[in-house]
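A.B. asks: Build me a structure from this.
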Amino acid sequence: MNGWDRLLRMALAGFLLAALAACGSLPTAKDRPAEHAASGDPSTRLAKIAAASTPPGEHSGFRLMPLGVYSLDARIQLAQRAQQSLVVQYYQLENDAVGRLLLRTLREAAARGVKVRVLVDDLYTVKSQQLLLALSETPNVQVRLYNPFCCGRNGFLSRFAASPFEIVRLNHRMHNKLFIADGAMAVVGGRNIADEYFVLSEAQNFIDMDALVVGKVVPQLESIFDAYWNSVQVWPIADIVKGEGGRMPGSAEFDDWIGMAAPPPKIVLPPSDILGYGPIAEELDGGRMGLLWGEARAIADPPTKPATMTAEEAISTSVTMKVWGLLMDAKTEVDLTSPYLVPGERGMAAFDDLAKRKVKLTLLTNSLAANDEPLVHTGYARYRERLLQSGADLYELSPQRTSKGERFGMFGKSLGRLHAKAAAIDRTRIFIGSMNLDPRSASQNTEMGLVVDSPQLAREMLRIINISKLQNSYRLRLAKDTGTLQWLTNDGEKEVILTSEPESDFFQRFYNMLIAPIVPEMLL
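C.D. replies: Model (predicted):
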């Protein structure tokens, strides 16, 4: 979930309300000693499983998790088995069924003596802040907020209205997603902690991708987390959030809100996922996991991005530019999926260079109907024809086809959207992480991800991407006679050609036509 279409409109409204609002500022920061992850204990159960699963001389092991309920179950299983530490870092952690289940599991781990550290970006904490505050008051748990709002905290709009002179600061958000258990196993990818990222929402659900990770890259991930945890952009939640009615909530309130007295909700898992893997619990119980291996490195923006940099420095050193570097190293093909795809002139120049070198480029993104950020779609639409003219194969996710399919979960009547941020390069290397291919990821958000050299892992990622583009998407082309856009799909055995934004209504098309010429790309 990006939220910047709503943020822009609400922030502008906030300026209008600023004269009526009581402006405030963050409290004076308190000195606190730096904290770092303890060295991994090889005697923990998870460390023993990782060691038993690692072939001699291998670097890092991976399992892609395209199925939402499998990815959720992996986090719960790791938390339930943790003995030493849990670190949790997310852009969004909602007070819904998924959020409460994860927080409950963290609370239970803390009760066993596990050290739990939770870091959440403050943009979407209106509904979860009291729950997170109560969790922070329980033994063995610390909760911190990234780049917090000082005041007006009980509403999204009121937060901006209370800080009209800090819009520039508040525009910088931590988009990272990371979960580490005992320094031995991690989950990295695109999913936030909310129902819709695990195909458990009745309204909308996302096709997304995470990876379970073990091995030599995990300490790199812990170092990234520690850098954020100790940064000046991060505040203990109790310094920012006050209990309702002036009373600090504690363990009793948390247990009541979370429903600790009742049995935990069960995650219903199919026998296997898209790639043929079974539930992770079976392998953890058996003491050995089947993983794909490769040499990996973790990449991340510094937590101070872009506060301590010029705009050009923020972009040139960003995760986005590192990923562009990977793409430009391609020799034969690039397959990339990004829910928000706004390459900009610099990106188009890079894509044109790939075309000149005969590198096959395949791109999968959201259609207008699937995009939860119509404002961002206007930026993408500016480049659609040029992408096709350069020879790119371009696909847009269809909500209807996604919802009818069952490969990524049971969508029911909910709206299917794309949220995965991944790439396969030359069938030998992959990227998976939090970064969208858009200006915001490059210049404003902090992002993170993994780069892995592994032909086997690349093959599995391509299989997932191919299912999405062939079964859930429209293929775009330019009409031979007029050069206008066409969307192609199959209705049974018959090819269907559409000539306007599919599955969208008049208002969606009119809104985008109206705002497209006036929205600067830097705001996307």
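
A.B. asks: going forward, measure contacts between C-alpha atoms and count neighbours the same way
C.D. replies: Noted.

A.B. asks: The stretch 201-350 of the chain: strands as residue ranges?
C.D. replies: For the stretch 201-350 of the chain, the strands defined by DSSP state E, counting those that start in this stretch cover 204-207, 210-215, 234-236, 292-300, 333-337.

A.B. asks: Mean neighbour count, mean pLDDT and distance to residue 117 for those strands - can I get that in CSV?
C.D. replies: Below are those laid out as CSV (neighbours: other Cα atoms under 10 Å; pLDDT from 0 to 100; distance: least, Cα to Cα, whole Å):
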stretch, mean neighbour count, mean pLDDT, distance to residue 117
strand 204-207, 26, 94, 27
strand 210-215, 24, 98, 19
strand 234-236, 21, 97, 11
strand 292-300, 20, 98, 19
strand 333-337, 23, 98, 31
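
A.B. asks: among those strands, which is nearest residue 173?
C.D. replies: Distance to residue 173, taken as Cα to Cα, is lowest for strand 234-236 among these, at 11.3 Å.

A.B. asks: what sits against the residue nearest the centre of the chain?
C.D. replies: The chain has residue 190 as the residue nearest its centroid, 2.9 Å off, counting by Cα atoms, centre = their mean. Neighbour list for residue 190: 177, 208, 209, 210, 419, 420, 421, 432, 433, 434, 435 [criterion: Cα atoms under 8 Å, 6 or more residues apart in numbering].

A.B. asks: Just among these, which is most surrounded?
C.D. replies: residue 434 (31 neighbours; other Cα atoms under 10 Å).

A.B. asks: Quick check: closest non-adjacent residue to that residue.
C.D. replies: residue 190 (4.8 Å; Cα to Cα, 6 or more residues apart in numbering).

A.B. asks: go on, residue 78?
C.D. replies: Nearest to residue 78 is residue 181, by Cα to Cα, 6+ apart, at 6.1 Å.

A.B. asks: Just grab the bridge partners of that neighbour for me.
C.D. replies: Residues in a beta bridge with residue 181, per DSSP bridges, are residue 86, residue 185.

A.B. asks: quick one: it from residue 92, how far?
C.D. replies: 19 Å (Cα to Cα, to the nearest Å).

A.B. asks: neighbour-wise, which of the two wins?
C.D. replies: Using other Cα under 10 Å as the criterion, residue 181 and residue 92 rank with residue 181 on top: 28 against 25.

A.B. asks: how much space between the closest residue to residue 94 other than its chain neighbours and residue 101?
C.D. replies: Leaving aside its chain neighbours, residue 94 sits nearest to residue 194 (5.3 Å; criterion: Cα to Cα, 6+ apart). Noted for residue 194: a distance of 10 Å to residue 101, by Cα to Cα.

A.B. asks: got it, and residue 494?
C.D. replies: In terms of Cα to Cα, residue 494 sits 45 Å off from residue 101.

A.B. asks: And for residue 26, the neighbour number?
C.D. replies: 14.

A.B. asks: residues in contact with the closest residue to it other than its chain neighbours?
C.D. replies: Of all residues not flanking residue 26 in the chain, residue 150 sits nearest, at 4.9 Å (Cα to Cα, 6+ apart). Counting by Cα under 8 Å, 6+ apart, residue 150 touches 24, 25, 26, 27, 159, 162, 163, 240.

A.B. asks: part of a strand, is residue 150?
C.D. replies: No. Using DSSP: H, G, I helix; E, B strand; the rest coil, the assignment for residue 150 is coil, not a strand.

A.B. asks: Can you check the pLDDT for it?
C.D. replies: Turning to residue 150, the model gives it a pLDDT of 95.

A.B. asks: now the one 3 residues further on
C.D. replies: According to the model's per-residue confidence, residue 153 sits at a pLDDT of 95.

A.B. asks: do the same with residue 394
C.D. replies: 98.

A.B. asks: Spell out the secondary structure type for it.
C.D. replies: For residue 394, the secondary-structure state derived from three-state DSSP is strand.

A.B. asks: burial measure for it, as a count.
C.D. replies: 21.

A.B. asks: Could you give the bridge partners of the nearest residue to it once chain neighbours are set aside?
C.D. replies: Setting aside the residues directly before and after it, residue 394 is nearest to residue 363 in space (Cα to Cα, 6+ apart), at 5.0 Å. Counting by DSSP bridges, residue 363 forms beta bridges with residue 336, residue 394.

A.B. asks: Pretty sure residue 363 sits against residue 339.
C.D. replies: No. Applying Cα atoms under 8 Å as the test, residue 363 and residue 339 come out as separate, 10.2 Å apart.

A.B. asks: and residue 189, how many neighbours?
C.D. replies: 29.

A.B. asks: for whichever strand or helix holds residue 64, packing partners?
C.D. replies: With secondary structure defined by DSSP states H and E, residue 64 is part of strand 60-65. For strand 60-65, the contact count by 3 or more Cα pairs under 8 Å, 6 or more residues apart in numbering; DSSP states H and E identifies strand 210-215, strand 292-300, helix 455-471 as packing neighbours.

A.B. asks: In TSV, list the ones you listed along with distance to residue 53.
C.D. replies: As requested, these are arranged in TSV below (distance: least, Cα to Cα, whole Å):
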stretch	distance to residue 53
strand 210-215	9
strand 292-300	10
helix 455-471	16
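
A.B. asks: residues contacting residue 306?
C.D. replies: Shown in contact with residue 306 (Cα under 8 Å, 6+ apart): 172, 314, 443, 444.

A.B. asks: cool, residue 232 as well?
C.D. replies: residue 304.

A.B. asks: distance of it from residue 268?
C.D. replies: From residue 232 to residue 268 the distance is 41 Å (Cα to Cα).

A.B. asks: Would you map the helices across the stretch 401-524 of the chain?
C.D. replies: For the stretch 401-524 of the chain, the helices defined by DSSP state H, counting those that start in this stretch occupy 439-443, 455-471, 506-515.

A.B. asks: Return the most buried member of those.
C.D. replies: helix 439-443 (a mean of 24; mean count of other Cα atoms under 10 Å).

A.B. asks: follow-up on the earlier one: please convert the contacts of residue 190 to TSV, extending it with distance to residue 259.
C.D. replies: Below are these laid out as TSV (distance: Cα to Cα, whole Å):
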residue	distance to residue 259
177	26
208	28
209	29
210	28
419	30
420	32
421	34
432	34
433	32
434	31
435	35
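
A.B. asks: Select from those residues every entry located in strands.
C.D. replies: Of the contacts of residue 190, the ones assigned to strands by DSSP state E are 177, 210, 432, 433.

A.B. asks: just those residues now: which is nearest residue 228?
C.D. replies: In terms of Cα to Cα, no member of those lies closer to residue 228 than residue 177, at 12.1 Å.

A.B. asks: Residue 363 and residue 339 - which one has more neighbours?
C.D. replies: Using other Cα under 10 Å as the criterion, residue 363 and residue 339 rank with residue 339 on top: 32 against 19.

A.B. asks: Fine, thanks again, bye for now.
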